[in-house]
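Undergrad: Sharing a model prediction with you, sequence too.
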Amino acid sequence: MRNVLLVVALLLLAACAEKPEPAAEPAADIPVDLAAGRVIAQADCSDCHGMDGRGETDTAPNLAAQPVEYLVESIHAYKEGQRLHAAPMELASGMSDADIRNVAAYYAGLPKLSTPPAPPAYQPGDSSYHEGGQTGSVCTECHGENGYSQDPGVPSLAGQQPAYMIVATGEYANGSRPHAAKEGMLKALAQVDVEKMAMYFAAQVPPVREAPSFGDVKRGETLVAGCGECHGSQGISHDPLVPSLAGQEPVYLVNALKSYRDQVRKHEVMTVDMTDSAIEDVAAYYSVQQLHAAVDQNLAVEELVNKCDRCHGTAVSNSRMVVPGLNGQNQEYLVRVMKAYRDSDRGSSLMHKMSADYSDETIEALASYYSSQPAN
């Protein structure tokens, strides 16, 4: 099931909240000939987009009732090589400005499409959370219930940054972090399963630990100023690729810090110059800090939809922004286009900024949601 808990995408909500600059006013002084537009649609466009504006395949977008200026700009983008797709580029290359406006007006003037049966829209707390828990159950034998480790030397996963966990899991799976047991266990997992598992553990709230039998918490607090530059105040990281240290199993922290200090474990940034006693103080301090869930298991697609709808919602028809409607659009087309924006394969700095950290699973969930909505 493609529905998901989000994750890494949650880290971009602030960027999504930005309002885009209004689009430049496209030329609208070309007289529109709907009959001519229909002829062009029938000759050049209907094989992929139909005469009713519905994509004939899952990867062809619906054009019916889309904003005319959006369609005009899109065809010009293909004509000028700003969008790369062989068929529409070839067709657009032979179109005049009048042809473009006529065929755009034809499709824009078609009635809204009824929405075909689609996968159920994402619902908060849906099965991806539970699927992540099921996948992660193989980890709990060592890492503890819900990823909260109480075994000395075994790290906790609960509340950890999901992007960091995804990267670390990949490194264990491909052997770049040597650990034979983990490599064998993890390399068979599909990427989508790794993402679900990381989101599951990230959504857990670890309990507050009691102070360990070693180290001094107060002394440790005086020693962590340099650590906080990367790992955050009190060990709560706000960098998706930097792990949180708060609430971590203290013996694991001691072992990890000594490994970095002794160059057994190497990292271009991590430099540790501490005595054994100081390391134990730092580990004691971080272990008793409260770590909250890195993501909210119920903060998901509808939160992102609220951001997307600021531009793509029903109110867009009354604005000067030239953007497409997403409701009722082909799901696979939406997946392909959102991935292209995310990966900078389709030009839009704002769209790239908003989607740069979206996982494939996040994109599929958004596409599933919008494809299941009545066309607006």
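TA: Done, it's in. Numbers count the residues shown, from 1 in each chain.

Undergrad: going forward, measure contacts between C-alpha atoms and count neighbours the same way
TA: OK.

Undergrad: Please, which helix or strand holds Ala64?
TA: Element membership for Ala64, per DSSP states H and E: none, as it lies in no helix or strand.

Undergrad: my guess is it meets Ala105, correct?
TA: No. Between Ala64 and Ala105 no contact is recorded; they are 9.9 Å apart, counting by CA atoms under 8 Å.

Undergrad: low pLDDT regions in the stretch 1-150 of the chain?
TA: Under the criterion of pLDDT under 70, the regions of the stretch 1-150 of the chain flagged as low confidence span 1-30, 115-129.

Undergrad: mind running it again at 90?
TA: Counting by pLDDT under 90, the stretch 1-150 of the chain shows low-confidence ranges at 1-31, 56-59, 77, 81-87, 112-138, 140-141.

Undergrad: where along it do the strands fall?
TA: Secondary structure of the stretch 1-150 of the chain by DSSP state E, counting those that start in this stretch: no strands are present.

Undergrad: how near is the closest residue to Glu90 other than its chain neighbours to Val32?
TA: Nearest non-adjacent residue to Glu90, counting by CA to CA, 6 or more residues apart in numbering: Lys79, 7.7 Å away. Applying CA to CA, to the nearest Å, one obtains 20 Å for the distance of Lys79 from Val32.

Undergrad: Neighbour count for these two, which is higher?
TA: Between Lys79 and Val32, counted using other CA atoms under 10 Å, Lys79 has the larger neighbour count: 21 against 18.

Undergrad: I figured the more buried one hits Met89, correct?
TA: Yes. With contact defined as CA under 8 Å, Lys79 and Met89 form a contacting pair (5.5 Å).

Undergrad: Assign a three-state SS to Ala340, would you?
TA: Using DSSP: H, G, I helix; E, B strand; the rest coil as the criterion, the local structure at Ala340 reads helix.

Undergrad: SS state for the closest residue to it other than its chain neighbours?
TA: In space, Ala340 comes closest to Arg346 once its chain neighbours are excluded; the distance is 5.2 Å by CA to CA, 6+ apart. Following three-state DSSP, we place Arg346 in the coil state.

Undergrad: residues touching Arg346, list them.
TA: 82-84, 337, 340 (CA atoms under 8 Å, 6 or more residues apart in numbering).

Undergrad: check contacts around Cys227.
TA: Applying CA under 8 Å, 6+ apart, one finds that Cys227 lies in contact with Gly235.

Undergrad: Name the helix or strand for it, please.
TA: When secondary structure is defined by DSSP H and E, Cys227 falls within helix 225-231.

Undergrad: Mind exporting the C-alpha coordinates of the very next helix or strand once past that helix to CSV?
TA: Where DSSP H and E defines the elements, the next helix or strand beyond helix 225-231 is helix 250-261. Extracted as CSV, the C-alpha positions of helix 250-261 are listed here (Å, rounded to 0.1, in the frame of the first residue of the first chain):
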residue,chain,number,x,y,z
PRO,A,250,24.7,5.5,27.9
VAL,A,251,27.1,2.5,27.3
TYR,A,252,26.6,2.8,23.6
LEU,A,253,27.4,6.5,23.8
VAL,A,254,30.6,5.8,25.7
ASN,A,255,31.7,3.1,23.2
ALA,A,256,30.9,5.3,20.2
LEU,A,257,32.8,8.4,21.6
LYS,A,258,35.8,6.2,22.4
SER,A,259,35.7,4.7,18.9
TYR,A,260,35.8,8.2,17.4
ARG,A,261,38.5,9.4,19.7
